[in-house]
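S.K.: what follows is a predicted protein model with its sequence.
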Amino acid sequence: MCWHFINNLQRFAFYDDLQAAVHRHGGKVKRISPKPICRASTYLLTSQGLNYANLPKILLKFHR
């Protein structure tokens, strides 16, 4: 499941925003590989990135 998620990140509606968040910290989304789910979840869920853990569901991007 985790690898499926990581391998298909570019298909998610939040992908462009995730790229921008990672880029702000000097990284690239495609380089999230040694510990992919930890790093991806950090940028998705915390204020370091998209802060999805603290947003109401209505503000999460589900569709492009």
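M.R.: Sure, I can see it. None of these values were measured; they are calculated from a predicted model. Numbering: from 1, shown residues only.
S.K.: low-confidence stretches in the protein?
M.R.: Where the chain drops to pLDDT under 70, the residues are 1-3, 29-38.
S.K.: state the distance from the residue lying farthest from the centre of the chain to residue 42.
M.R.: Distance from the C-alpha centroid of the chain peaks at residue 58, with 17.2 Å (Cα atoms, centre = their mean). Distance, residue 58 to residue 42, by Cβ to Cβ, to the nearest Å: 23 Å. For the C-beta atoms, the positions are set from N, CA and C on the backbone; glycine is no exception.
S.K.: Three-state assignment for the residue farthest from the centre of the chain, please.
M.R.: helix (DSSP: H, G, I helix; E, B strand; the rest coil).
S.K.: ok now do it, which residues does it touch?
M.R.: Residues near residue 58 by Cβ atoms under 8 Å, 6 or more residues apart in numbering: none.
S.K.: now the strands for the chain?
M.R.: Read by DSSP state E, the chain holds no strands at all.
S.K.: for it, which segments count as helices?
M.R.: 2-7, 15-24, 36-45 (DSSP state H).
S.K.: make JSON lines from the ones you listed and add mean neighbour count and distance to residue 51 to it.
M.R.: Listed next are the helices of the chain as JSON lines, based on neighbours: other Cβ atoms under 10 Å; distance: least, Cβ to Cβ, whole Å:
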{"stretch": "helix 2-7", "mean neighbour count": "11", "distance to residue 51": "19"}
{"stretch": "helix 15-24", "mean neighbour count": "16", "distance to residue 51": "9"}
{"stretch": "helix 36-45", "mean neighbour count": "17", "distance to residue 51": "7"}
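S.K.: and of the ones you listed, who's closest to residue 62?
M.R.: For residue 62, the closest of the helices of the chain is helix 15-24, at 12.1 Å, according to Cβ to Cβ.
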